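>>> after the sequence you'll find the predicted model.
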Amino acid sequence: MITSEYLRRLLIVTMLIVCNTVYAYDEAEGRKLVYKFDMRTDVMPALWRQTQQAFDEAEELGADYILIHMNTYGGLVQAADSIRTKILNTETPVIVFVDNNAISAGALIAIAAQKIFMRPGASIGAATVVDATGMEVPDKFQSFMRAAMRATAESHGKDTLVTENDTIIRWFRDPLIAEAMVDPSISIPGIIEEGKVLTMTSEEAIAAGYSEGMATTIAEVLQKAGIEDYEIAEYELTTLESVIGFLIHPIFQSILIMIIIAGLYFELQTPGVGFPFGVAFLAAILYFAPLYLEGIAQNWEIALFIVGVILLAVEIFAIPGFGVAGISGLVLMVTGLTLAMIDNIVWEFEGVGTGLFFRSLLLVIVSAFIALVTSISVSRKLLDTTVFSHLVLSSTQDKEQGYIGVDNQYRSLIGKSGVSSTSLRPSGRVEIDFEQYDAKSLVGFIDKGEKVKVVKFETGQVYVVKES
């Protein structure tokens, strides 16, 4: 039986549960959400894609802050410029924690953030644009980087201080310091001498107003940024990003090249089978697709490879031999595979460097050579096995069974005389040296029993004329 005392106690327990739930909800509502995103890799198109994904997810979660955990020696200017633009245009405050290095393209990205904290011993700067060998690229690239660094620093604003005698403009981040990270001709008293590119330590960055302080952990960064009650959500690589990262590794690229070449070789050895071509086609997709998504391979480079395959097929099937079409096909295939690994703009290789080009070319040539040697060796053993023997003609055509070597036998008849065994209107049979042959009259009809002479052999057909 339910008593009034039981109901009273049940009501008290229910109220306590509700109050605790409301309190916990209010407490959670009051906490700040910090979205953490790692940039501890080279600044490449992959990082730009991941940045877009991270910022979109941060917006969906309603993050109060985005914390970028950075350690990079730089990368591609195009990718860095896209990332810094994303940071400048987002409404969510962005904090960068430089955990050792924000060099080159990394410096451009870091300066775009509202606040920068650096680990003791870290460095930021050295943003001169160089190629893959470390050599400075032409000034048009340097000019762009100077302007990008200067504009990024200016975007954080300035204070105008008016005194009795003068008006002083004080930038939150001095644009001239940002430009000095690119241009060695800039001299700033107490900071950098002319002829040197600026790279600042943690202490120097704080003194120059480019860092809000030093920290050793994420928790310390958030504490110094004035964020006390918070929870952290982290960006995790998608399956696609992990797969792309695996596929563009040089070792796997080499394997894919070998599969492409081996597949084409086996398909040409056993035309019509289809399976080797299918394997080569799949390997080509796995080779070019991630490079295309990375922004490295261009449409025209993929087109070069496809045209090369077509020319090679034409050389083998349509115009047998090994001439212009075959050589051109091989050159285009190698060129397409090589250039797909190099970031360039339609034959404009400024900033690429010959070292990178020859490394890519060597990778393609060596992989192709290994594939051909292996394929030739394997095909000899493979086609001799019971399972694959049906792919080649293995039966013996003995002369005793009525088989003759058509090509050589018939060509030897040219110039010989014989007699028509049947009427040739225009085709029929003739007897030459006591052997019967199918023949065709080259001029007019020939009646049975007339003397004939073989004048040519072409496309598997003997041609005769009436002998006068």
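Thanks, I have it.
>>> helices or strands next to whatever helix or strand W300 lives in in the packing?
W300 belongs to helix 299-317 when elements are defined using DSSP states H and E. Contacts defined by 3 or more Cβ pairs under 8 Å, 6 or more residues apart in numbering; DSSP states H and E place helix 299-317 against helix 250-269, helix 275-293, helix 324-339. Backbone N, C-alpha and C define where each C-beta goes, glycine included.
>>> out of those helices, nearest to L304?
helix 324-339 (3.7 Å; Cβ to Cβ).
>>> buried ones in that closest one?
Neighbour-count burial for helix 324-339, counted by 16 or more other Cβ atoms under 10 Å, picks out 325-326, 328-330, 332-339.
>>> now pLDDT and distance to S123 too, for these, in a markdown table please.
Shown next, in a markdown table, are those (pLDDT from 0 to 100; distance: Cβ to Cβ, whole Å):
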| residue | pLDDT | distance to S123 |
| --- | --- | --- |
| A325 | 80 | 55 |
| G326 | 77 | 54 |
| S328 | 87 | 50 |
| G329 | 85 | 50 |
| L330 | 86 | 48 |
| L332 | 90 | 45 |
| M333 | 90 | 44 |
| V334 | 89 | 41 |
| T335 | 89 | 40 |
| G336 | 89 | 40 |
| L337 | 90 | 38 |
| T338 | 87 | 35 |
| L339 | 86 | 35 |
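>>> could I get these in a markdown table, plus columns for distance to K440?
Below are these laid out as a markdown table (distance: Cβ to Cβ, whole Å):
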| residue | distance to K440 |
| --- | --- |
| A325 | 32 |
| G326 | 33 |
| S328 | 38 |
| G329 | 37 |
| L330 | 40 |
| L332 | 42 |
| M333 | 42 |
| V334 | 46 |
| T335 | 47 |
| G336 | 47 |
| L337 | 49 |
| T338 | 52 |
| L339 | 53 |
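>>> ok, these vs Q298, which is closest?
L339 (8.0 Å).
>>> tell me where the stretch 101-250 of the chain has strands.
Counting by DSSP state E, counting those that start in this stretch, the stretch 101-250 of the chain has strands at residues 115-118, 123-125, 158-162, 167-171, 199-201, 213-214, 230-234.
>>> on that earlier part again, tell me the angle of the helix holding W300 relative to helix 324-339?
Relative orientation of helix 299-317 and helix 324-339, computed by axes from the mean of the first three to the mean of the last three Cα atoms, to 10 degrees: 150 degrees.
>>> now helix 299-317: buried residues?
Going by 16+ other Cβ under 10 Å, helix 299-317 has these buried residues: 301-302, 304-305, 308-309, 311-313, 315-316.
>>> re earlier: quickly, which of the strands of the stretch 101-250 of the chain bottoms out on average pLDDT?
Of all these, the minimum mean pLDDT falls on strand 158-162 (a mean of 71).
>>> pLDDT weak spots in the chain?
1-30, 132-134, 160-165, 167, 269-273, 316-323, 343-356, 379-409, 459 (pLDDT under 70).
>>> domains in it, by residue range?
With domains defined by automatic domain parsing, the chain comprises 31-236, 242-389, 403-466.
>>> need the winner for burial among the ones you listed.
Of all those, domain 31-236 carries the top mean neighbour count, a mean of 18, counting by mean count of other Cβ atoms under 10 Å.
>>> just the terminal-to-terminal distance for that one.
End-to-end distance for domain 31-236: 22 Å, by Cα to Cα, to the nearest Å.
>>> ok now that domain, how far from the chain's centre?
Distance, stretch centre to chain centre, for domain 31-236: 27 Å (Cα atoms, centre = their mean, to the nearest Å).
>>> what's stretch 139-149 in contact with?
Residues from elsewhere that reach stretch 139-149, judged by Cβ atoms under 8 Å, 6 or more residues apart in numbering: 77, 81, 84, 107-108, 111, 127-129, 136, 175, 178-179, 181-183, 350-351.
>>> perfect, that will be all.
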